[in-house]
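In: take this sequence and fold it.
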Amino acid sequence: MYNTNKLSDNTLNADFPLQILGVPNNLYTKKDNNFIPITCLALLNNGSITYCISDSDNKIKPVENIEVYKFNRFTRKYSKQ
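Out: As a prediction, the model looks like this:
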């Protein structure tokens, strides 16, 4: 049976992840003025490292805008990294 996945989609099917690493629980990305938690880092087969989020179907997707924010629980504010 052949792989029928489209390799041009925006999931991690396009670049094969070699290793997935957890991240601290205070890293976020911003989408439509909402902060979304970053779930992991992925080392891809092309040598790049990308931040990833998970969608409602629990699929891991790379962060599109590459803006990473750190949440400070004492000040209750997000700071851009």
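In: tell me which other helices or strands the lowest-mean-pLDDT helix or strand in the chain touches.
Out: In the chain, the helix or strand scored least confidently by mean pLDDT, DSSP states H and E is strand 60-62, which has a mean of 83. Here strand 60-62 touches strand 40-44, strand 49-54, going by 3 or more Cβ pairs under 8 Å, 6 or more residues apart in numbering; DSSP states H and E. All C-beta atoms are positioned from the backbone trio N, CA, C, and that covers glycine.
In: any idea how many residues pack against Leu43?
Out: Burial measure for Leu43: 15 neighbouring residues, criterion other Cβ atoms under 10 Å.
In: quick check, it in contact with Pro17.
Out: Yes: counting by Cβ atoms under 8 Å, Pro17 is a contact partner of Leu43 at 6.8 Å.
In: partner strands of the least confident helix or strand of the chain, with direction?
Out: The pairing partners recorded for strand 60-62 under DSSP bridges are strand 49-54 (antiparallel).
In: so how far is the least confident helix or strand of the chain off the chain centroid?
Out: Strand 60-62 sits 5 Å away from the centroid of its parent chain (Cα atoms, centre = their mean, to the nearest Å).
In: what comes up buried for that strand?
Out: 61-62 (16 or more other Cβ atoms under 10 Å).
In: sorry, back to before: what's the closest of the helices and strands packed on strand 60-62 to Val23?
Out: Checking the helices and strands packed on strand 60-62 against Val23 by Cβ to Cβ gives strand 40-44 as the closest, at 5.7 Å.
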